[in-house]
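J.: Prediction below, plus the sequence it came from.
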Amino acid sequence: MPDLVVSLHDVSPLTQESCTRILEQLAEAGVRQTSLLVVPNFHGKAPVREHPEFQQWLSSQVAAGHEPVLHGYYHRRQSKPGDSPLTTFTTEFYTAGEGEFFDLQRDEALKLLQRGLATFKFLPRVISGFVAPAWLLGTEAREAVRLARFRYTTSVGGVWMFKDDRHIPSRSLVWSTRSSWRQIVSLGWNSSLAGLLRGAGLLRIGIHPPDYEVRAVWAQIKTLIARALETRTAVSYERFIEKV
(Lines give C-alpha, C1' and ligand atoms only; values in the text may rest on other atoms or scores of the structure.)
Protein backbone atom coordinates (compact mmCIF):
# COMPACT_ATOMS: atom_id res chain seq x y z
CA MET A 1 0.00 0.00 0.00
CA PRO A 2 1.47 3.41 -0.96
CA ASP A 3 2.27 5.96 1.73
CA LEU A 4 1.11 9.41 2.76
CA VAL A 5 3.38 11.64 4.82
CA VAL A 6 1.76 14.65 6.46
CA SER A 7 4.29 17.05 7.92
CA LEU A 8 3.44 19.96 10.20
CA HIS A 9 5.96 22.78 9.79
CA ASP A 10 7.07 25.59 12.11
CA VAL A 11 6.11 23.87 15.34
CA SER A 12 7.17 26.10 18.24
CA PRO A 13 5.81 27.64 21.45
CA LEU A 14 4.41 30.44 19.26
CA THR A 15 2.33 28.02 17.19
CA GLN A 16 1.49 25.42 19.83
CA GLU A 17 -2.20 26.32 20.02
CA SER A 18 -2.69 26.17 16.25
CA CYS A 19 -0.67 22.97 16.00
CA THR A 20 -2.82 21.35 18.68
CA ARG A 21 -6.00 22.12 16.73
CA ILE A 22 -4.46 20.89 13.49
CA LEU A 23 -3.30 17.61 15.03
CA GLU A 24 -6.73 17.05 16.56
CA GLN A 25 -8.41 17.48 13.19
CA LEU A 26 -5.84 15.29 11.47
CA ALA A 27 -6.49 12.55 14.02
CA GLU A 28 -10.22 12.81 13.41
CA ALA A 29 -9.52 12.41 9.69
CA GLY A 30 -7.45 9.28 10.32
CA VAL A 31 -3.92 10.71 10.38
CA ARG A 32 -2.44 9.80 13.75
CA GLN A 33 1.21 9.76 12.74
CA THR A 34 2.88 12.87 11.32
CA SER A 35 6.31 14.46 11.14
CA LEU A 36 6.49 17.53 13.39
CA LEU A 37 9.04 20.05 12.10
CA VAL A 38 10.14 21.76 15.29
CA VAL A 39 12.08 25.06 15.47
CA PRO A 40 14.39 25.45 18.51
CA ASN A 41 14.03 29.25 18.69
CA PHE A 42 11.62 30.60 16.08
CA HIS A 43 12.91 33.97 14.83
CA GLY A 44 14.77 34.34 18.12
CA LYS A 45 11.46 34.91 19.92
CA ALA A 46 10.52 31.48 21.26
CA PRO A 47 13.40 29.45 22.74
CA VAL A 48 12.07 25.98 23.47
CA ARG A 49 14.44 25.71 26.44
CA GLU A 50 12.45 28.46 28.20
CA HIS A 51 8.99 26.95 27.62
CA PRO A 52 8.47 23.89 29.84
CA GLU A 53 4.79 23.67 28.90
CA PHE A 54 5.73 23.34 25.24
CA GLN A 55 8.31 20.70 26.13
CA GLN A 56 5.64 18.69 27.91
CA TRP A 57 3.24 19.12 24.99
CA LEU A 58 5.84 18.04 22.44
CA SER A 59 6.86 15.06 24.55
CA SER A 60 3.23 13.96 24.69
CA GLN A 61 2.87 14.24 20.92
CA VAL A 62 6.00 12.15 20.40
CA ALA A 63 4.73 9.56 22.89
CA ALA A 64 1.50 9.41 20.85
CA GLY A 65 3.47 8.43 17.74
CA HIS A 66 4.39 11.68 16.00
CA GLU A 67 7.96 12.09 14.80
CA PRO A 68 10.05 15.10 15.93
CA VAL A 69 12.12 16.62 13.10
CA LEU A 70 14.67 19.42 13.50
CA HIS A 71 13.57 22.38 11.37
CA GLY A 72 16.43 24.87 11.29
CA TYR A 73 17.36 26.76 14.43
CA TYR A 74 16.00 30.29 14.11
CA HIS A 75 14.09 29.69 10.85
CA ARG A 76 15.32 33.10 9.74
CA ARG A 77 18.01 34.33 7.35
CA GLN A 78 19.23 37.90 7.60
CA SER A 79 19.83 39.59 4.25
CA LYS A 80 23.47 40.35 3.45
CA PRO A 81 24.99 43.36 1.60
CA GLY A 82 26.55 41.11 -1.05
CA ASP A 83 23.39 39.15 -1.87
CA SER A 84 22.81 38.69 -5.60
CA PRO A 85 19.43 39.53 -7.14
CA LEU A 86 18.70 35.80 -7.42
CA THR A 87 19.57 35.23 -3.76
CA THR A 88 17.42 38.18 -2.72
CA PHE A 89 14.49 36.85 -4.74
CA THR A 90 14.88 33.32 -3.36
CA THR A 91 15.38 34.23 0.29
CA GLU A 92 13.25 37.37 0.60
CA PHE A 93 10.39 37.37 -1.93
CA TYR A 94 9.96 33.63 -2.38
CA THR A 95 10.47 32.62 1.27
CA ALA A 96 9.94 35.87 3.23
CA GLY A 97 13.45 35.78 4.67
CA GLU A 98 13.21 32.25 6.07
CA GLY A 99 15.92 30.43 4.10
CA GLU A 100 18.19 30.04 7.13
CA PHE A 101 20.34 27.22 5.71
CA PHE A 102 20.42 28.54 2.13
CA ASP A 103 24.07 29.62 2.11
CA LEU A 104 25.54 28.76 5.51
CA GLN A 105 29.13 27.53 5.60
CA ARG A 106 29.59 23.96 6.80
CA ASP A 107 30.99 24.73 10.25
CA GLU A 108 28.38 27.41 10.96
CA ALA A 109 25.59 25.07 9.91
CA LEU A 110 27.01 22.22 11.98
CA LYS A 111 27.06 24.38 15.11
CA LEU A 112 23.40 25.30 14.66
CA LEU A 113 22.47 21.67 14.06
CA GLN A 114 24.26 20.56 17.21
CA ARG A 115 22.63 23.33 19.23
CA GLY A 116 19.28 22.31 17.84
CA LEU A 117 19.75 18.66 18.76
CA ALA A 118 20.87 19.67 22.26
CA THR A 119 17.67 21.69 22.67
CA PHE A 120 15.57 18.55 22.29
CA LYS A 121 17.52 16.31 24.65
CA PHE A 122 14.42 16.30 26.85
CA LEU A 123 12.60 14.09 24.35
CA PRO A 124 12.47 10.35 25.06
CA ARG A 125 14.04 9.55 21.70
CA VAL A 126 16.64 10.85 19.26
CA ILE A 127 15.82 13.02 16.27
CA SER A 128 16.75 11.38 12.98
CA GLY A 129 15.54 13.91 10.39
CA PHE A 130 16.38 17.49 9.45
CA VAL A 131 14.37 19.73 7.14
CA ALA A 132 15.75 23.16 6.25
CA PRO A 133 13.41 26.15 6.54
CA ALA A 134 11.72 26.76 3.19
CA TRP A 135 13.52 23.58 2.03
CA LEU A 136 16.53 25.74 1.11
CA LEU A 137 19.65 23.73 1.92
CA GLY A 138 22.97 24.79 0.41
CA THR A 139 25.76 22.41 -0.53
CA GLU A 140 27.91 23.08 2.54
CA ALA A 141 24.93 23.01 4.87
CA ARG A 142 23.88 19.66 3.39
CA GLU A 143 27.32 18.30 4.21
CA ALA A 144 26.87 19.56 7.78
CA VAL A 145 23.56 17.67 8.02
CA ARG A 146 25.35 14.50 6.94
CA LEU A 147 28.17 15.07 9.43
CA ALA A 148 25.63 15.60 12.22
CA ARG A 149 24.47 12.02 11.50
CA PHE A 150 20.92 12.75 10.48
CA ARG A 151 19.38 9.85 8.61
CA TYR A 152 17.51 11.96 6.07
CA THR A 153 16.50 15.37 4.85
CA THR A 154 13.81 16.54 2.45
CA SER A 155 13.39 19.16 -0.24
CA VAL A 156 10.22 20.35 -1.93
CA GLY A 157 10.99 17.79 -4.62
CA GLY A 158 11.90 14.67 -2.66
CA VAL A 159 13.39 12.76 0.23
CA TRP A 160 17.15 12.25 0.57
CA MET A 161 18.52 9.37 2.66
CA PHE A 162 22.16 9.77 3.71
CA LYS A 163 22.94 6.13 4.50
CA ASP A 164 22.98 5.09 0.85
CA ASP A 165 22.85 8.55 -0.77
CA ARG A 166 19.47 7.74 -2.23
CA HIS A 167 17.01 10.35 -3.43
CA ILE A 168 13.33 9.52 -3.82
CA PRO A 169 11.57 12.06 -6.05
CA SER A 170 8.30 13.21 -4.51
CA ARG A 171 6.94 16.69 -5.00
CA SER A 172 5.34 17.99 -1.82
CA LEU A 173 1.96 19.67 -1.79
CA VAL A 174 2.38 22.92 0.14
CA TRP A 175 0.35 26.13 0.37
CA SER A 176 1.27 29.81 0.52
CA THR A 177 -1.20 31.99 2.41
CA ARG A 178 0.67 35.31 2.75
CA SER A 179 -1.66 37.06 0.30
CA SER A 180 -4.94 36.42 -1.49
CA TRP A 181 -3.30 35.85 -4.86
CA ARG A 182 -0.90 33.31 -3.35
CA GLN A 183 -3.83 31.45 -1.81
CA ILE A 184 -5.65 31.30 -5.15
CA VAL A 185 -2.53 30.08 -6.97
CA SER A 186 -1.85 27.50 -4.27
CA LEU A 187 -5.37 26.08 -4.47
CA GLY A 188 -5.19 25.66 -8.23
CA TRP A 189 -1.63 24.30 -8.24
CA ASN A 190 -2.25 21.73 -5.51
CA SER A 191 -5.47 20.57 -7.09
CA SER A 192 -3.59 19.83 -10.31
CA LEU A 193 -0.54 18.40 -8.56
CA ALA A 194 -2.64 16.02 -6.46
CA GLY A 195 -4.10 14.62 -9.67
CA LEU A 196 -0.68 14.12 -11.21
CA LEU A 197 0.59 12.36 -8.07
CA ARG A 198 -2.39 10.06 -7.66
CA GLY A 199 -0.38 6.98 -8.60
CA ALA A 200 2.90 7.94 -6.87
CA GLY A 201 4.38 5.63 -4.27
CA LEU A 202 4.68 8.51 -1.82
CA LEU A 203 2.36 11.49 -1.42
CA ARG A 204 3.60 14.35 0.76
CA ILE A 205 1.40 17.06 2.26
CA GLY A 206 3.14 19.90 4.07
CA ILE A 207 1.02 21.98 6.45
CA HIS A 208 1.93 25.33 8.02
CA PRO A 209 -0.02 26.73 11.00
CA PRO A 210 -1.48 29.68 8.99
CA ASP A 211 -3.08 27.19 6.59
CA TYR A 212 -5.61 26.37 9.28
CA GLU A 213 -6.82 29.99 9.36
CA VAL A 214 -7.69 30.15 5.64
CA ARG A 215 -10.99 28.34 5.18
CA ALA A 216 -10.55 27.38 1.51
CA VAL A 217 -7.00 26.17 2.04
CA TRP A 218 -7.82 24.08 5.09
CA ALA A 219 -10.88 22.61 3.35
CA GLN A 220 -8.71 21.55 0.40
CA ILE A 221 -6.10 20.03 2.69
CA LYS A 222 -8.74 17.95 4.49
CA THR A 223 -10.28 16.84 1.19
CA LEU A 224 -6.94 15.76 -0.27
CA ILE A 225 -6.05 13.88 2.91
CA ALA A 226 -9.40 12.10 2.97
CA ARG A 227 -8.98 11.02 -0.65
CA ALA A 228 -5.41 9.90 -0.05
CA LEU A 229 -6.35 7.75 2.94
CA GLU A 230 -8.68 5.71 0.75
CA THR A 231 -5.64 4.07 -0.81
CA ARG A 232 -2.65 5.12 1.35
CA THR A 233 -1.23 4.59 4.82
CA ALA A 234 -0.33 7.70 6.84
CA VAL A 235 3.24 7.42 8.15
CA SER A 236 6.00 9.73 9.32
CA TYR A 237 9.10 10.41 7.21
CA GLU A 238 11.11 8.23 9.58
CA ARG A 239 8.72 5.30 9.14
CA PHE A 240 8.75 5.79 5.37
CA ILE A 241 12.54 5.57 5.03
CA GLU A 242 12.54 2.46 7.20
CA LYS A 243 10.23 0.80 4.68
CA VAL A 244 12.00 1.68 1.44
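T.: Perfect, I can see it now. Residues are numbered from 1 along each chain as shown.

J.: where does the protein dip in pLDDT?
T.: 77-97 (pLDDT under 70).

J.: Can you show me the helices along it?
T.: Counting by DSSP state H, the chain has helices at residues 16-29, 52-63, 85-88, 106-119, 139-147, 180-196, 215-228, 237-243.

J.: mind putting these in JSON lines, mean neighbour count included?
T.: (C-beta placed from N, C-alpha, C; glycine too.) JSON lines is the format used below for those (neighbours: other C-beta atoms under 10 Å):
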{"stretch": "helix 16-29", "mean neighbour count": "16"}
{"stretch": "helix 52-63", "mean neighbour count": "15"}
{"stretch": "helix 85-88", "mean neighbour count": "11"}
{"stretch": "helix 106-119", "mean neighbour count": "17"}
{"stretch": "helix 139-147", "mean neighbour count": "18"}
{"stretch": "helix 180-196", "mean neighbour count": "13"}
{"stretch": "helix 215-228", "mean neighbour count": "16"}
{"stretch": "helix 237-243", "mean neighbour count": "18"}
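
J.: tell me what the longest strand seen in the chain is packed against?
T.: Using DSSP state E, we find that the single longest strand of the chain is strand 3-11. Other helices and strands packing on strand 3-11, by 3 or more C-beta pairs under 8 Å, 6 or more residues apart in numbering; DSSP states H and E, are helix 16-29, strand 35-38, strand 202-207, helix 215-228, strand 233-235, helix 237-243.

J.: got the phi/psi numbers for residue 236?
T.: Torsion angles at residue 236 (phi, psi; degrees, to the nearest 10) stand at phi -80, psi 170.

J.: Tell me which residues touch it, please.
T.: When contacts are counted by C-beta atoms under 8 Å, 6 or more residues apart in numbering, residue 236 touches 5, 33, 34, 35, 65, 66, 67.

J.: For it, which non-adjacent residue is closest in space?
T.: Leaving out its chain neighbours, the residue that sits closest to residue 236 by C-beta to C-beta, 6 or more residues apart in numbering is residue 67, at 3.7 Å.

J.: doesn't residue 33 make contact with the one you found?
T.: Yes - at 7.4 Å, residue 67 counts as touching residue 33 under the criterion of C-beta atoms under 8 Å.
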